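[1] Give me a 3D structure for the following:
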Amino acid sequence: MKNSLSQLFYIKKTKIDSNQKTNIYLRITVNSRRAELSIQRKVHIDKWNSSANRVKGYSREAQEINQYIDLISNKINKIHQQFIEDNKPFTAIQIRDKYLGKDENQKMLLKIFQDHNEQVEKLVGKDFAAGTVLRYKTAKSHIEEFIKFEHRLNDIPVVDVDHKFITGFEYYLKTERNCAHNTAVKYITNFKKIIRIAYANDWITKDPFFNWKARLKSVDREFLSEEEIQELVKKEFKLPRLDLVKDIFLFSCFTGLAYADVKKLTNNCIVIGIDGNKWINTKRTKTNTVSNIPLLPLSNTIIEKYANHKEVLDCDKLLPVLSNQKMNAYLKEIADLCGITKNLTFHLARHTFATTVTLTNGVPIESVSKMLGHKSLKTTQHYAKILDRKVSDDMSILKVKLNALENKNASEEKKSV
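    I've put the predicted structure just below:
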């Protein structure tokens with residue numbers, strides 16, 4: 001590993017006082033990365049020799065400052081040498097902080113991240129879902145690889161994280177890890193929480209995310225049309241596994257439940273609603289919010305179809321749901337057999353419920369949001385797609401009203417004549 005060190009003593013002519021004096025600074029550079037500090041000495045701008053990095057002349061003041069500069073330089077070299085002898089990875093900031101005596105209780109970024117992830121993991125089922133833990137673990141893994149890639153280190157002090165680090169990490173995710181824009185932003189948002197923890201605990205003095213804003217790009221979410229749903233309903237499969245997956249997928253299309261929520265349903269989740277009919281009452285795995293969903297006829301038929309299935313009886317499940325991996329793999333087969341060209345995944349059923357099944361048929365978005373278990377109406381709007389047919393139907397109603405009004409006005413004009 002290259003551990004080149006360079007030191008530069010310099011002045012900033014833009015920061016002179018009334019006596020034409022300015023502070024002397026030291027810039028430490030290790031592996032092309034810098035750290036700076038003021039040496040707490042001032043010099044007249046005309047007395048500074050930029051080429052020699054020293055004060056000009058032989059006056060007592062010049063000799064004292066130059067001796068002090070030599071002393072600092074020697075200390076920096078000794079710190080650098082100590083890091084090498086200890087075979088420890090180091091940065092320019094670590095050398096600076098070691099010189100300033102600030103490194104004794106320095107917090108390391110990945111250590112903070114790991115502590116956070118362990119705490120979250122212990123709260124799975126209480127405050128967090130298992131999927132949340134997985135996302136934080138993946139984010140930490142990406143940060144770890146980025147530090148090795150960009151800094152050639154196993155970890156860095158959290159104080160080294162700045163705006164350049166964040167934008168560099170975003171670029172790394174998109175180029176080296178081939179992440180889509182929204183995926184990269186979500187990983188950075190996970191990372192942002194770790195930095196906020198460091199800031200709240202005074203382990204860093206400023207928030208490097210202050211000038212970074214998460215800007216997600218709008219994504220067109222696919223969903224099945226009414227015709228495609230009917231094609232699935234009518235399609236009969238010789239293979240039982242495909243028939244099972246089709247039924248559970250359709251169950252999700254008519255309830256709006258995500259895979260994890262369908263999988264955990266039990267008979268206790270079926271309740272009698274305010275209208276005297278069967279409803280599903282459950283808490284979303286992702287957000288722990290309550291979803292109350294009236295059972296539509298097709299959903300109820302599917303439940304009854306599998307009521308005596310071995311897995312339903314033995315495991316107290318409402319439906320015999322396969323693993324998410326198998327469900328999505330079999331859905332690809334189903335799409336081919338039904339001539340559906342869309343990327344058929346289990347989560348597409350949730351989008352279909354929000355659009356084709358509910359909003360397109362006039363169900364208010366507030367009701368859809370409640371059934372989907374969303375905390376914010378804004379979240380539902382990401383799912384909601386008003387189809388051309390719905391727009392056409394709405395405009396047809398408007399045309400009828402306008403024509404009726406026009407005929408009425410014409411009739412009144414004739415009577416007045």
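
[2] contacts and neighbour counts: CA atoms only from here.
    Noted.

[3] residues near Ala184, how many?
    The tally of other residues near Ala184 (other CA atoms under 10 Å) stands at 21.

[4] which residues of this protein score low on pLDDT?
    For the chain, applying pLDDT under 70 flags the ranges 1-2, 102-105, 383-391, 393, 414-417.

[5] what's the residue closest to the geometric middle of it?
    What sits nearest the mean C-alpha location of the chain, by CA atoms, centre = their mean, is Lys186, with 1.7 Å.

[6] A strand includes Arg215, no?
    No. Under DSSP: H, G, I helix; E, B strand; the rest coil, Arg215 falls outside any strand and is assigned coil.

[7] tally of neighbours for it?
    With neighbours defined by other CA under 10 Å, the count for Arg215 comes to 10.

[8] what about the closest residue to it other than its chain neighbours, distance to Cys179?
    Closest residue to Arg215 apart from its sequence neighbours, by CA to CA, 6 or more residues apart in numbering: Val185 at 7.4 Å. Separation of Val185 from Cys179 (CA to CA, to the nearest Å) stands at 9 Å.

[9] And those two? Which one has more around it.
    Ranked by neighbour count (other CA under 10 Å), Val185 and Cys179 place Val185 first, with 20 against 16.

[10] Surely that one and Trp212 touch.
    No. Using CA atoms under 8 Å, Val185 makes no contact with Trp212, being 10.6 Å away.

[11] Quickly find the element holding Phe237.
    Under DSSP states H and E, no helix or strand contains Phe237.

[12] Helix, strand, or coil at the closest residue to it other than its chain neighbours?
    Counting by CA to CA, 6+ apart, Asp243 is the residue found nearest to Phe237 once chain neighbours are left out, at 5.6 Å. At Asp243, secondary structure determined by three-state DSSP is helix.

[13] one step back: mind checking the SS state of the residue nearest to Arg215?
    Assignment for Val185 (three-state DSSP): helix.

[14] With Ile93 instead?
    Of the three states, Ile93 takes helix according to three-state DSSP.

[15] Identify the residues contacting the residue lying closest to it once chain neighbours are set aside.
    Excluding the flanking residues, the one nearest Ile93 by CA to CA, 6+ apart is Ala35, at 5.1 Å. Going by CA atoms under 8 Å, 6 or more residues apart in numbering, Ala35 touches Arg27, Ile28, Thr29, Ala92, Ile93, Arg96.

[16] Next, Ala35: phi, psi?
    phi -150, psi 140 (degrees, to the nearest 10).

[17] Arg221 - how many residues pack around it?
    Look at Arg221: counted by other CA under 10 Å, it has 12 neighbours.

[18] pretty sure it is touching Ala349, no?
    No. Counting by CA under 8 Å, Arg221 does not reach Ala349; the two are 11.0 Å apart.

[19] Tell me where the stretch 51-200 of the chain has strands.
    Ranges of strands in the stretch 51-200 of the chain, per DSSP state E, counting those that start in this stretch, are 54-55.

[20] mind listing the helices for the stretch 251-400 of the chain?
    259-263, 297-305, 310-315, 324-338, 346-352, 365-372, 377-383, 388-416 (DSSP state H, counting those that start in this stretch).

[21] Now do the fourth one: everything it contacts.
    Around helix 324-338, the neighbours that count as contacts under CA under 8 Å, 6+ apart are 231-232, 235, 241-242, 245-246, 259, 341-346.

[22] again, but for the shortest one
    The contact list for helix 259-263, computed with CA under 8 Å, 6+ apart, reads Ser252, Thr282, Lys283, Arg284, Thr285, Lys317, Leu319, Pro320, Val321, Asn324, Phe346, His347.

[23] Looking at the residues you listed, which is nearest Ser376?
    For these, the closest approach to Ser376 (CA to CA) belongs to Arg284, at 14.1 Å.

[24] ok, the closest one to Glu121 distance?
    Taking CA to CA, one finds Arg284 at 18 Å from Glu121.

[25] ditto for Glu304
    Taking CA to CA as the measure, Glu304 falls 37 Å from Glu121.

[26] what do you get for Asp207?
    Asp207 sits 26 Å away from Glu121, going by CA to CA.

[27] now do Lys317
    Taking CA to CA as the measure, Lys317 falls 26 Å from Glu121.

[28] which of the two has more neighbours?
    Lys317 (22 against 18).

[29] Quick check: nearest residue in space to the more buried one, chain neighbours excluded?
    Excluding the flanking residues, the one nearest Lys317 by CA to CA, 6+ apart is Thr266, at 4.5 Å.

[30] For the one you found, the count of nearby residues, please.
    Thr266: 16 neighbours (other CA under 10 Å).

[31] Right, I'll call it a day here.
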